[in-house]
Each structure stands twice: as structure tokens, then as C-alpha cells.
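# any chance you can model this:
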Amino acid sequence: MTRLSPARIVLYVISALVLVYLILPVLIIAPISFSSARFLTFPPPSFSLRWYEQYFANPAWMQATRVTLTVAFFTVVIATPLGVAAAYAISQSKLRIMRIIHMALLLPLVVPIIITAVGIFFVYAKVGLVATLPGLVLANVMLGLPYVVISVLAGLQSFDPAQEMVARSLGMNRLRSFFAVTLPQIKSSVVAGGIFAFISAMDETIVALFISGGQYQPLTKRMFTALRDEIDPTIAAISTLMTAASFMLVLLASTRQKRSG
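Residues are numbered from 1 along each chain as shown. Purely as a prediction, here's the structure:
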């Protein structure tokens, strides 16, 4: 039986503490969402589904949910093909300009989100996209695009480009050979990138606070407003549902990537 070194034990302990730190909020919020109390109370005095019922019966919450799902859907529809095309071009080209484009596409992951939100707001204010559905979609496409690019590039690195070259030597053009040979072999990476873009659009808060309004408020902004005005366990119920949805989507993306690997 091999003995663990002190350094490895310390690493395991630190990893466990970080994991507990990340999971602890969920372990508190989830029970609160089933509380029968009028306000956020932990531990809950008794369990009830009243806050989930209130969420599904409230027209304002349902409108915000529809906006969130609509924005997330169109984000995936737009960001996925754009990300696939960009990743393919980056992987195929040896030009220095493609490295610059690659870095530019990843900027939303590097630049502080508050700076990005302020910049988007000032641009939208000039072109009239504040508090509009297209404005929300375009902003989330920009924020979700890096996830698609990263995921698809990872898939392309494990793909043998000689297979596509063979297809092209047999008479296929580049576009047809990509759809016939390359895309089927990287589809798991494409799906994973689309899932992460969907999660990004569904969970985005800071940008939504700046550019959404009126009838086009996503769940995250409405939750923030509700926390400011009145705190009740409905927020906990919505948070639990969104966390569960995000977890299932991440699990699906991870499973598909493992299969492709």
C-alpha cells in the first residue's frame, strides 16, 4: 500500500476545503427554498412547496423566465456556428492575424465584466438597443462566443486534418468536406460549447443590470431587483432551479466531451 506524501495530503485538504466553500451556498439555499417561513430562515422551520408554486403562478416571474430562455436559445443559435467557424479558421491558418483574432475572441473572459457591461451600455445607448431583446441576445452572443471557440478548438486538436484533405482530394470542396468529415467528429465539442454558451446567457447578471429593462428583464435582473425590494424564499426557489439546470447542463457537456475524447 503506497503512503501519501505530506504535500499530497495538504493538496487534498485544500481541494476539499475549496470544494466545500463552493458547494456550501447551494447546501444552504436549497433547503431554504422548501421553507414554509415567510422570510429567508435557515434551518427552515418546516418544509413546503409554496415558494415554487408562487414562482410558477407569478406572471412577472414567468415573463422573466421566458425572456431568459429566449435569450439563451438565440445566443446558442448565433454563437455556436460563429464559434465553430472562428475555431476552424484559427486552427487552419498560420497567419499572425489569426492569433490576434483568437485573442480578441477570448477578451470577454479576460476583461472585467463590469467594464464590458459599461461599454456595451454606452454603445447600446447610442444605437437604441437598451431594454430590447436583440440587445440582450447580441451581448450574450459576445459573452458566450469564447466558450464555443475554446471547446471547438479542443476538439479540432484531436482531429486528424489529413482526413479532410483526403475528402478534398476526392473532389469535395472545403465546405462540403467540413460538414461531411470534420463536423461529425467534433460534434461533441460543438454541443459542449453550445451548452456552455447557453449557461452563460442564462446566468449573466452584470450586463443584464445595465442593458435590460421593461418587459425584457431576464431572471437574474428580476431576482436582483426582488432582493433589493423584498427578500422572500421565492428567490431561493428560483436559485435552486437555476443551479440544478446549470449542473445538469454542465454534466451533459462533460459527458459528451469525455465520449469524444
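# hey, let's count contacts and neighbours off CA atoms from now on
OK.
# all helices of this structure, in order?
In the chain, the segments counted as helices under DSSP state H are 6-33, 50-57, 59-92, 96-105, 107-110, 113-127, 133-157, 161-169, 174-177, 183-203, 206-211, 219-229, 234-260.
# avg pLDDT for the fourth one?
The pLDDT scores in helix 96-105 average 86.
# before we move on, the earlier item: mean neighbour count and distance to F42 for the helices of the chain - can I get that in CSV?
Shown next, in CSV, are those (neighbours: other C-alpha atoms under 10 Å; distance: least, C-alpha to C-alpha, whole Å):
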stretch, mean neighbour count, distance to F42
helix 6-33, 14, 6
helix 50-57, 16, 15
helix 59-92, 20, 24
helix 96-105, 14, 43
helix 107-110, 14, 35
helix 113-127, 15, 32
helix 133-157, 23, 35
helix 161-169, 15, 56
helix 174-177, 14, 57
helix 183-203, 23, 25
helix 206-211, 21, 28
helix 219-229, 17, 17
helix 234-260, 17, 11
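# now tabulate those helices in TSV and tack on distance to T41.
As requested, the helices of the chain are exported to TSV (distance: least, C-alpha to C-alpha, whole Å):
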stretch	distance to T41
helix 6-33	6
helix 50-57	13
helix 59-92	22
helix 96-105	43
helix 107-110	36
helix 113-127	31
helix 133-157	34
helix 161-169	57
helix 174-177	58
helix 183-203	25
helix 206-211	27
helix 219-229	15
helix 234-260	11
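# for P43, find the nearest of the ones you listed.
helix 6-33 (7.0 Å; C-alpha to C-alpha).
# quick one on the thing from earlier: mind telling me which of the helices of the chain the model trusts least?
In terms of mean pLDDT, the lowest-scoring of the helices of the chain is helix 161-169 (a mean of 70).
# re the thing from before, between the helices of the chain, which gets nearest to P44?
Set against P44 and scored by C-alpha to C-alpha, those come closest in helix 6-33, at 5.9 Å.
# summarise which helices and strands the closest one is packed against.
helix 234-260 (3 or more C-alpha pairs under 8 Å, 6 or more residues apart in numbering; DSSP states H and E).
# run the chain-centre distance for the helix it packs on.
Offset of helix 234-260 from its chain centre (C-alpha atoms, centre = their mean, to the nearest Å): 10 Å.
# cool, and stretch 152-166?
Put simply, stretch 152-166 sits 25 Å off its chain's centre (C-alpha atoms, centre = their mean).
# end-to-end on that stretch?
Criterion C-alpha to C-alpha, to the nearest Å; first-to-last residue distance in stretch 152-166 is 21 Å.
# list of residues touching that stretch?
Outside stretch 152-166, the residues within contact range by C-alpha atoms under 8 Å, 6 or more residues apart in numbering are 83-84, 87-88, 91, 177-178, 181-182, 185-186, 188-190, 193, 260-261.
# stretch 189-198 now?
Under the criterion C-alpha under 8 Å, 6+ apart, residues 72-73, 75-76, 79-80, 84, 141, 143-145, 147-152, 154-155, 249-250, 252-254, 256-257, 260 lie in contact with stretch 189-198.
# same question for stretch 41-48.
With contacts defined as C-alpha under 8 Å, 6+ apart, stretch 41-48 is touched by I28, P31, I32, F34, S35, S36, A37.
# that stretch: which residues count as buried?
Neighbour-count burial for stretch 41-48, counted by 16 or more other C-alpha atoms under 10 Å, picks out T41, P44, S48.
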